[in-house]
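Colleague: build me a model:
(2 chains)
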Amino acid sequence: MPSVEMTRHLYQFFPALENRTIRVPAGSVAEILRTINEIAPGFTDYVLDERGALRRHVNVCINDTIVIDRKTLSDHVPDEGVVYIFQALSGG
Amino acid sequence: MSDMILLGTRKGTVIFDRTNSTWQPRAIEHAGIPVCYAARDPRDGTLWASLDHGHWGPKLSRSRDGGATWQDVLSLKYPEGARFIVKVLPTPDFDPLAPAGQPEYAHATVYKIWTIVFGTEEQPGRLYAGTIPGGLFVSDDGGDSWELNRPLWNHESRGGDLFAGDATSENRWFGTPASIDYGVFEPGIHSIVIDPRNPDHLYVAVSSAGVIESTDGGRTWVGRNRGMLNDYMPNPEAEWGHDPHFVVECAAQPDHLWQQNHCGVFYSDDGAANWRKVSLPEAGVHFGFPIAVDAQDGRTAWVVPAQADMARMAINGGLCVARTTDGGQSWQSFRNGLPQAHAYDIVLRHGLDVAGDCLCFGSTSGNVYLSEDRGETWQCLGNNFPPVYSVRFG
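Modeller: Numbers count the residues shown, from 1 in each chain, chains lettered A, B, ... in the order given. The predicted structure is shown next:
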């Protein structure tokens, strides 16, 4: 099963995700985020907008490749893949 | 007399409590998160903060225990099918008189929840929120659920009902520069005014469209911009395209409305049917963002003047607050207790509030000042706060 790693910033809002290995069934990035949302309700509201697209300053990688489809998150995560969720924003 | 002040700041929510006549700030809430607006619902004491997460999108945060704990409110969202006609920033060769091209449509998502306004006592649980890209949201259950006001979203001045199909009229609303941070150039609702005599009588102010009134609880809306002068447009008297920075109404005399506009200070004493410019540039009163009106006397208002739109800072390095008591015919500037050298502060649209004889404002330089004598003398509540976006008495 794929595993999911994420910026520790998200743990302040979703402590249920901290200090555990997150393993989810293989599928699209959208499906994987929905599974995380079941563990931590509200999670998708943080990384996606209300149309289901990745927020502007959020990135998702499958292994070392940034996902192509930011709008519907259809990129497929293989069985042994690792999904990384991270953020990027400039300024203070 | 209010005993609480809430600041929305770039680094969180700062709450001051008054104890033994002294205002003391608590430890910051929402630490590290930009908070563009924070206020207390006077009906039940609920505290609200609009979080402007850079990464994680806009969120409302609510405290029902006076600020001890806060919960996310994630229900304010655009419904499926909510679209708008995309605006782009004018380029140097932009010709506003050229015929419009084919509109480009986008599906709406919330970029910013710019203000939260509480309903009257007759409508417990009623809340309003204004957003970028120009949505008015209404809740009747204390914020648990929100609904987009569709008549305003579908207004003919925005292209008509885009839920039903493509535009049936031209989009006359312009973007607000405040939206550029989100990579767009879309309008925003920052002022929502409820007539205390009749909760179905509402005004909203939109940057950059103008003031819009409803007298039937939000079922229909009419622009109320007669008398407004828009000196950055080819036609200064155009019906739309105005940039009210903030609009307020006198609680006891609700036909008296004020707006600090990009193009001056404007006043109406007939319920926004007619506006008149009451700026006095020679007295330093012209450009600025915030405005406050006395709760009893509709002719008394305060502004924090800034130099000009091209120089958004205190005038000649000295901060002042200007007050009129005669509907803008004359203005008096007060400087006692405010810095008069090397001050470069700007006070944003929600950064000034009045409660009885008390006024408070906060600047983007992190300075917060309080007056307890109707703006005539000031004391400093601190100089090292984060940039202040909003100041509201609780």
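Colleague: need the pLDDT of the residue in the stretch 151-300 of chain B positioned nearest to chain A.
Modeller: Closest approach between the stretch 151-300 of chain B and chain A, counting by Cβ to the nearest Cβ: B:Gly183, at 6.2 Å. From N, CA and C alone the C-beta is placed, and that goes for glycine too. Listed pLDDT for B:Gly183 reads 88.
Colleague: for stretch B:78-88, what is the average pLDDT?
Modeller: If you average the pLDDT values across stretch B:78-88, you get 94.
Colleague: and for stretch B:384-394?
Modeller: 98.
Colleague: for that stretch, the distance to its chain's centre please.
Modeller: 14 Å (Cα atoms, centre = their mean, to the nearest Å).
Colleague: what residues are up against the closest residue to B:Glu186 other than its chain neighbours?
Modeller: With sequence-adjacent residues excluded and distances taken as Cβ to Cβ, 6 or more residues apart in numbering or on different chains, B:Glu186 is closest to B:Pro133, at 3.6 Å. B:Pro133 makes contacts with B:Phe84, B:Ala108, B:Tyr111, B:Ser179, B:Val184, B:Glu186, B:Pro187, B:Gly188, as judged by Cβ atoms under 8 Å, 6 or more residues apart in numbering or on different chains.
Colleague: now the closest residue to the last one other than its chain neighbours: how far from A:Ile62?
Modeller: What it means is B:Gly188. In space, and not counting its chain neighbours, B:Gly188 is closest to B:Ile132: 3.8 Å by Cβ to Cβ, 6+ apart. Applying Cβ to Cβ, to the nearest Å, the value for B:Ile132 to A:Ile62 is 32 Å.
Colleague: ditto for B:Glu376
Modeller: Taking Cβ to Cβ, one finds B:Glu376 at 63 Å from A:Ile62.
Colleague: could you check which of those two has the larger neighbour count?
Modeller: A:Ile62 (19 against 16; other Cβ atoms under 10 Å in any protein chain shown).
Colleague: kindly state the beta-bridge partners for that one.
Modeller: A:Thr65, A:Val83 (DSSP bridges).
Colleague: my read is that it contacts A:Leu73, right?
Modeller: No - at 10.8 Å, A:Ile62 does not count as touching A:Leu73 under the criterion of Cβ atoms under 8 Å.
Colleague: quickly list what's touching both of those two.
Modeller: Joint contacts of A:Ile62 and A:Leu73 (Cβ under 8 Å, 6+ apart) are A:Val29.
Colleague: low-confidence ranges in the stretch 51-200 of chain B?
Modeller: Applying pLDDT under 70 to the stretch 51-200 of chain B flags the ranges B:96, B:100.
Colleague: now do the strands in it.
Modeller: Ranges of strands within the stretch 51-200 of chain B are B:57-63, B:71-73, B:83-85, B:105-107, B:112-118, B:127-132, B:136-139, B:147-148, B:188-194, based on DSSP state E, counting those that start in this stretch.
Colleague: next, format those strands as TSV and append distance to B:Gly382.
Modeller: Output for the strands of the stretch 51-200 of chain B, formatted as TSV (distance: least, Cβ to Cβ, whole Å):
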stretch	distance to B:Gly382
strand B:57-63	22
strand B:71-73	28
strand B:83-85	40
strand B:105-107	41
strand B:112-118	24
strand B:127-132	29
strand B:136-139	33
strand B:147-148	38
strand B:188-194	25
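Colleague: now the nearest residue to B:Thr300 once chain neighbours are set aside: phi and psi?
Modeller: In this structure, B:Thr300 finds its nearest non-sequential neighbour in B:Asp294, 3.9 Å apart by Cβ to Cβ, 6+ apart. Backbone geometry at B:Asp294, expressed as degrees, to the nearest 10, gives phi -60, psi 140.
Colleague: burial measure for B:Asp294, as a count.
Modeller: So B:Asp294, with other Cβ under 10 Å, has 22 neighbours.
Colleague: show me the beta-bridge partners of the residue nearest to B:Gly188.
Modeller: Taking DSSP bridges as the rule, B:Ile132 bridges to B:Lys112.
Colleague: and it, how far from chain A?
Modeller: For B:Ile132, the distance to chain A equals 13 Å [Cβ to the nearest Cβ, to the nearest Å].
Colleague: ok, now which ones touch that residue?
Modeller: By Cβ under 8 Å, 6+ apart, the contact list for B:Ile132 reads B:110-112, B:114, B:176, B:178-179, B:182, B:184, B:186-189.
Colleague: how about a cut-off of 7 Å?
Modeller: Contacts for B:Ile132 (Cβ atoms under 7 Å, 6 or more residues apart in numbering or on different chains) come out as B:Tyr111, B:Lys112, B:Trp114, B:Thr176, B:Ala178, B:Ser179, B:Tyr182, B:Glu186, B:Gly188.
Colleague: return the set of buried residues in stretch B:383-391.
Modeller: Residues B:Phe385, B:Pro386, B:Pro387, B:Val388, B:Tyr389, B:Ser390, B:Val391 are the ones in stretch B:383-391 that count as buried (16 or more other Cβ atoms under 10 Å in any protein chain shown).
Colleague: strands - which of those residues land there?
Modeller: B:Val388, B:Tyr389, B:Ser390, B:Val391 (DSSP state E).
Colleague: now do the contacts for the second one.
Modeller: What it means is B:Tyr389. Neighbours of B:Tyr389 in contact, by Cβ under 7 Å, 6+ apart: B:Gly8, B:Thr9, B:Arg10, B:Val35, B:Cys36, B:Tyr37, B:Leu348, B:His350, B:Gly351.
Colleague: for those residues, pick the one with the most neighbours.
Modeller: Among the contacts of B:Tyr389, B:Gly8 has the most neighbours (other Cβ under 10 Å), with 29 neighbours.
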